[in-house]
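Enquirer: okay, predicted coordinates and the sequence, questions at the end:
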Amino acid sequence: MDQAITTFVKRTSNVEFAKLWLEAEQNIEGLFASLKGPIYPSLLHGDLWRLNAAELDQEGSAVPVIFDPSSFYGHHEFDLAASTIIGSPFGAAFHEAYHSLIPKERGFLQRQSLYKLFYFFNQHNHLDGGYRDSSSPPPLLSFEVGLNLLRELSASDAA
């Protein structure tokens, strides 16, 4: 995460991100302290948002498909966060079914903010600042969203 933020700050000259990250970084360990056990790495899609998911018609049945992955191994909660930052490809029924199998653990929402922040920086850094120069970046990737995520993490009591 440090590398992603350093790259972003160098490119944008936005020192407020660096300042807030120094505050937020102090709370990160606490976001995971309440987990019931270790995190077992899962193979993640890595870029799971509405334009990377669709349905195919197969003999009258809708078959879900996902594509254009940016796969890596990580905490299973990451893809859930990424899927909500730029429009979820999944409805409430999906999330309810998912959490009936893998219940939310304490601190879930705070970790979602951390994972959304990682996704935010990843998108900005891989697109080489493409959103910065755009007159209308995707609303959930605006600088203000990134700053708000950092503010949430800075203020987090890791509960």
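Expert: Happy to help now that I have it.
Enquirer: flag the shaky bits of this structure, pLDDT-wise.
Expert: For the chain, the stretches with pLDDT under 70 are 87, 128-140, 157-159.
Enquirer: all helices for it, in order.
Expert: 2-12, 15-25, 28-33, 77-85, 92-101, 108-126, 143-155 (DSSP state H).
Enquirer: counting neighbours, show which residues of the longest one come out buried.
Expert: Taking 16 or more other CB atoms under 10 Å as the neighbour-count basis, helix 108-126 is seen to contain the buried residues 108, 110-125. Every C-beta, even on glycine, is put in place using the N, C-alpha and C of the backbone.
Enquirer: now the fourth one
Expert: Of the residues in helix 77-85, those buried under the neighbour-count criterion (16+ other CB under 10 Å) are 77-85.
Enquirer: and the residue most central in space within the chain, what does it touch?
Expert: For the chain, the residue sitting closest to the mean C-alpha position, by CA atoms, centre = their mean, is Lys116 at 2.6 Å. Shown in contact with Lys116 (CB atoms under 8 Å, 6 or more residues apart in numbering): 81-82, 84-85, 149.
Enquirer: now Tyr119
Expert: 78, 81-82, 85.
Enquirer: got TSV for those residues, with distance to Gly60 too?
Expert: Shown next, in TSV, are these (distance: CB to CB, whole Å):
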residue	distance to Gly60
Phe78	34
Ala81	34
Ala82	31
Ile85	33
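Enquirer: ok so, going back, looking at the helices of the chain, which is nearest to Gly46?
Expert: Of all those, helix 77-85 sits nearest to Gly46, with 7.2 Å by CB to CB.
Enquirer: how distant is that closest one from the center of its chain?
Expert: Counting by CA atoms, centre = their mean, to the nearest Å, helix 77-85 is centred 5 Å from the centre of its parent chain.
Enquirer: could you check the angle it makes with helix 143-155?
Expert: With axes from the mean of the first three to the mean of the last three CA atoms, to 10 degrees as the basis, helix 77-85 and helix 143-155 are set at 140 degrees to each other.
Enquirer: can you spell out which helices and strands pack onto helix 77-85?
Expert: Judged by 3 or more CB pairs under 8 Å, 6 or more residues apart in numbering; DSSP states H and E, helix 77-85 is in contact with helix 108-126.
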